[in-house]
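# this is a predicted model, with the sequence first.
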Amino acid sequence: MNKPLLFVASLLVAGLFSCQKSEEEEISSRPNIVFIMSDDHAYQAISAYSDKLIETPNIDRIAKMGMLFTNASVTNSICAPSRATILTGKHSHINGKVDNHFPFDTTNVTFPQIFQDAGYQTAMFGKLHFGNSPKGFDQFKILPGQGKYYNPDFITKDEGNIQVEGYVTDIITDMTLNWLENERKKEDPFLLFYLHKAPHREWLPAGRHVAEFTQRTFPEPPTLFDDYSGRGRAAHEAEMNLLKDMHWGGDSKIPPAVMDELGIEPTSGWDKAAFEGEVGRMNPEQRAVWDESYNKMIEEFKKAYPNMTEEDKMKWRYQRYMQDYLGTIKAVDENVGRVLDYLEANDLMENTIIVYTSDQGFYLGEHGWFDKRFIYDESFKTPLLVAWPGKVAAGSKSDEMVQNLDFAQTFLAAAGIDAPSDMQGESLLPLLTGEGEWTRDAVYYHYYEYPSVHMVKRHYAIVTKEYKLVHYYFDADEWELIDRINDPMELKNVYDDPAYAEIQAELHQKLDGLREKYGDNSQISQQYLNEYLDYLQENNSYAGGKNTELLDKIFDGRTPSNQ
Ligand code: SGN
Ligand code: CA
């Protein structure tokens, strides 16, 4: 080979080599993603948002390292639909998972599948609640359905169905840490889903926390005794009241025999069974630790109950609820700390995006409620804390209207992977990094699961930083306009107030625009409704709804059914 040719050839080889190397470098410099999500974790119960109820120093570490979103929301405030929106980057009416009842349609493309194809290692531990196993994961260990707090069962990729002795929050963390340490290939980037069951109903704290939490008292929310005047039928007819609808057995942990002794009526057909189904799973050692604290509470209650007014009972149930709900969060916080410590100790902080969120928010006695589903802030909004050291400014905050719909595109953009064009969210990178433009000023919401447990009517809405315009439909036809700035507790519907006529008209127009943009309309809603009513009818069920007069009316013309 003559000299010039040799020179050209060596240049080509070098070029090829450097090109290969940069591709490898590019892959290894792709960020890892640790997606931490708990179930029903209200932002009111994270001290980075408010320290009135509980200190969560470990979850707060994520906000200290990165960004706290104060207006993050979900598109449909219920478990499985929220998860489907997160994984597909599409609204419920597009991905088909509109409620908790039907299994997720696995022909949807989920973003972990795209990550796996792009060379990421993928793993999921904890609660999915899809009715089927996740696609696109190298490894998974998930809870069947809602999962249990004590000695939970898991569906696993490699070991079939297993039962693990211990407390669910600790076990999910052990599995996660084990994968990080022993199964993960250290040279490749990873996408890790670390998904807690806590603090979902029936709120059973770990043994190490019961002595402390059964003794604590918490400040009441100002709207604990809300009478719903100023709002329409939806708020009046919901079945989420702490006194009337929360289980004395399953939720407040009054054993069924004590309920009988005191003449306490169960608040639903499965109130007592829920107690046995959860507390009854403990082994003798776990039960002994539990009983030591709970028996004290039960004895005090037995003495006090005969003289309690309705107001006293409401207050007592609020305290009982907070003790258990917040008690479960204590273990979540400790375990999040274990994972953060691991990432720190293994030099994984620098190139890892860490997200803490919940599948939706939750009512902690506001409006006298527990549960979620409604568009009122406590369940429409969800906690969102994002750390990415070096990329996201430490201790920063955003009040932009971001949603769980946006996660898929955010992660894809961060990893430099093209997002499918039919995803409906927006990458949050402009907000996180300060580079690029963010233009969204309003989000779309649509809740479907009705009639069902808690009886929250179907509704869709537009939400801006200033207002909410909501339409409750099906067995109601009511519009609600909430002034978020002047009425932060959301107590007054100003839809018909002439002072809001202009803003009302403007929001209607914007809402129509959003429905068009996302491809939602009343025909689609009607289809989902028919499908659901057929399903209830076939199963002869009111799906947990209790107002039989109302339910009979709903099913009039169809064969009335009962549960
Ligand atoms: C169960 C709970 C409800 C809860 C739904 C959905 N009742 O039905 O209170 O709203 O799950 O929760 S229970 O008596 O069975 O606990 S979700 O997190 O899956 O959306
Ligand atoms: Ca949930």
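That came through, no problem. Ligands and ions are numbered 1, 2, ... in the order given.
# use CA for all of it now, contacts and neighbours both
OK.
# and the chain, which residues reach ligand 2?
39, 40, 79 (CA under 5 Å from the ion).
# the first one reaches residue 197, doesn't it?
This means residue 39. Yes - in this structure, residue 39 is within contact of residue 197 by CA atoms under 8 Å, at 5.4 Å.
# more crowded one of these two?
Taking neighbours as other CA atoms under 10 Å, residue 39 and residue 197 compare with residue 197 leading, 26 against 23.
# wait, the more buried one sits on residue 127?
Yes - Residue 197 lies in contact with residue 127 (CA under 8 Å); the separation is 5.6 Å.
# taking the protein, what residue is nearest to ligand 1?
When distances are taken as CA to the nearest ligand atom, the chain reaches nearest to ligand 1 at residue 79, 3.5 Å away.
# and the closest residue to that residue other than its chain neighbours, what are its phi and psi?
Of all residues not flanking residue 79 in the chain, residue 359 sits nearest, at 5.8 Å (CA to CA, 6 or more residues apart in numbering). With angles defined as degrees, to the nearest 10, residue 359 sits at phi -70, psi -20.
# for burial, what's the neighbour tally of residue 359?
29.
# pLDDT wise, what is it at?
Per-residue confidence (pLDDT) for residue 359: 98.
# how deep is the residue nearest to residue 241 when sequence neighbours are not counted tucked in, by neighbour count?
Excluding its sequence neighbours, the residue lying closest to residue 241 (CA to CA, 6+ apart) is residue 369, at 4.6 Å. By other CA under 10 Å, the residues close to residue 369 number 24.
# the longest helix in this structure is where?
helix 310-345 (DSSP state H).
# ok, it near ligand 1 or not?
No - on the criterion CA under 6 Å from any ligand atom, helix 310-345 is out of touch with ligand 1, staying 12.8 Å away.
# what element comes up after that helix heading to the C-terminus?
strand 352-358 (DSSP states H and E).
# returning to what we had before: OK, contacts around the residue nearest to residue 241?
224, 240, 241, 242, 363 (CA atoms under 8 Å, 6 or more residues apart in numbering).
# quick one: residue 78 and residue 100 touch, right?
Yes - applying CA under 8 Å, one finds residue 78 in contact with residue 100, separated by 7.5 Å.
# the two - which one has more neighbours?
residue 78 (27 against 17).
# list the contacts of that one.
99, 100, 359, 360, 372, 373.
# so where do the strands sit in this structure?
32-38, 67-69, 121-127, 139-143, 153-156, 160-163, 190-195, 352-358, 384-387, 396-398, 442-447, 459-464, 467-472, 478-483 (DSSP state E).
# quick one: residue 85 and ligand 2, what's the gap?
Per CA to the ion, to the nearest Å, residue 85 is found 13 Å from ligand 2.
# what's the answer for residue 231, then?
For residue 231, the distance to ligand 2 - CA to the ion - is 25 Å.
# and if you look at residue 95?
Distance from residue 95 to ligand 2, by CA to the ion: 18 Å.
# do the same with residue 69
As judged by CA to the ion, residue 69 and ligand 2 stand 19 Å apart.
# repeat that for residue 123.
Counting by CA to the ion - residue 123 and ligand 2 are separated by 21 Å.
# mind listing what that residue touches?
Residue 123 neighbours (CA under 8 Å, 6+ apart): 137, 138, 139, 140, 191, 192, 193.
# same list (the residues you listed) but as a markdown table, adding neighbour count.
Listed next are those as a markdown table, based on neighbours: other CA atoms under 10 Å:
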| residue | neighbour count |
| --- | --- |
| 137 | 20 |
| 138 | 15 |
| 139 | 18 |
| 140 | 25 |
| 191 | 22 |
| 192 | 25 |
| 193 | 23 |
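# let me have these in CSV, extended by pLDDT and distance to residue 438.
Shown next, in CSV, are the contacts of residue 123 (pLDDT from 0 to 100; distance: CA to CA, whole Å):
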residue, pLDDT, distance to residue 438
137, 98, 31
138, 98, 34
139, 98, 35
140, 98, 35
191, 98, 25
192, 98, 27
193, 98, 27
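# Throw those into JSON lines and include distance to ligand 1, thanks.
As requested, these are exported to JSON lines (distance: CA to the nearest ligand atom, whole Å):
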{"residue": "137", "distance to ligand 1": "22"}
{"residue": "138", "distance to ligand 1": "25"}
{"residue": "139", "distance to ligand 1": "23"}
{"residue": "140", "distance to ligand 1": "20"}
{"residue": "191", "distance to ligand 1": "23"}
{"residue": "192", "distance to ligand 1": "21"}
{"residue": "193", "distance to ligand 1": "17"}
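# closest to residue 115 out of these?
residue 191 (7.6 Å; CA to CA).
# beta-bridge partners for the closest one, please?
residue 33, residue 122 (DSSP bridges).
# returning to what we had before: for the longest helix of the chain, what is the average pLDDT?
98.
# these two touch, right, residue 495 and residue 481?
Yes - in terms of CA under 8 Å, residue 495 counts as a neighbour of residue 481; the distance is 4.6 Å.
# so for those two, which sits in the more crowded spot?
residue 481 (25 against 19).
# any idea how far the more buried one is from ligand 2?
26 Å.
# ok so, going back, what's the burial count for the residue of the chain closest to ligand 1?
23.
# dump the residue contacts of it.
Contacts of residue 79 (CA under 8 Å, 6+ apart): 39, 40, 100, 129, 359, 360.
# grab the nearest non-local neighbour of the fourth one.
Sequence neighbours aside, residue 145 is the residue nearest to residue 129 in space, at 4.9 Å (criterion: CA to CA, 6+ apart).
# which residues are in contact with that neighbour?
127, 128, 129, 130, 131.
# how far away is it from residue 452?
With distances taken as CA to CA, to the nearest Å, residue 145 is found 17 Å from residue 452.
# got it, and residue 330?
Taking CA to CA, one finds residue 330 at 31 Å from residue 452.
# which of these two has more neighbours?
For residue 330 versus residue 452, neighbours defined as other CA under 10 Å are more numerous around residue 330 (22 against 18).
# so how many other residues sit close to residue 173?
21.
# got it, and the one 3 residues further on?
If you count neighbours by other CA under 10 Å, residue 176 ends up with 23.
# check contacts around it.
125, 194.
# please tell me how far it sits from residue 433.
Taking CA to CA, one finds residue 176 at 28 Å from residue 433.
# residue 469 too?
31 Å.
# residue contacts, residue 163?
Residue 163 makes contacts with 151, 152, 153, 154, as judged by CA under 8 Å, 6+ apart.
# which of those residues tops the neighbour count?
residue 154 (24 neighbours).
# which non-adjacent residue is nearest that residue?
Distance criterion CA to CA, 6+ apart; nearest residue to residue 154, sequence neighbours excluded, is residue 143 at 4.6 Å.
# that neighbour pairs with what?
Beta-bridge pairing for residue 143 (DSSP bridges): residue 127.
# which ones are touching it?
Neighbour list for residue 143: 126, 127, 128, 129, 152, 153, 154, 155 [criterion: CA under 8 Å, 6+ apart].
# got the residues you listed as JSON lines, with pLDDT columns?
Formatted as JSON lines, those follow (pLDDT from 0 to 100):
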{"residue": "126", "pLDDT": "98"}
{"residue": "127", "pLDDT": "98"}
{"residue": "128", "pLDDT": "96"}
{"residue": "129", "pLDDT": "94"}
{"residue": "152", "pLDDT": "98"}
{"residue": "153", "pLDDT": "98"}
{"residue": "154", "pLDDT": "98"}
{"residue": "155", "pLDDT": "98"}
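# report the buried members of the contacts of residue 369.
224, 240, 241, 242, 363 (16 or more other CA atoms under 10 Å).
# among the residues you listed, which pair sits farthest apart?
224 and 240 (12.1 Å).
# what's the overlap in contacts for the two?
Joint contacts of residue 224 and residue 240 (CA under 8 Å, 6+ apart) are 368, 369.
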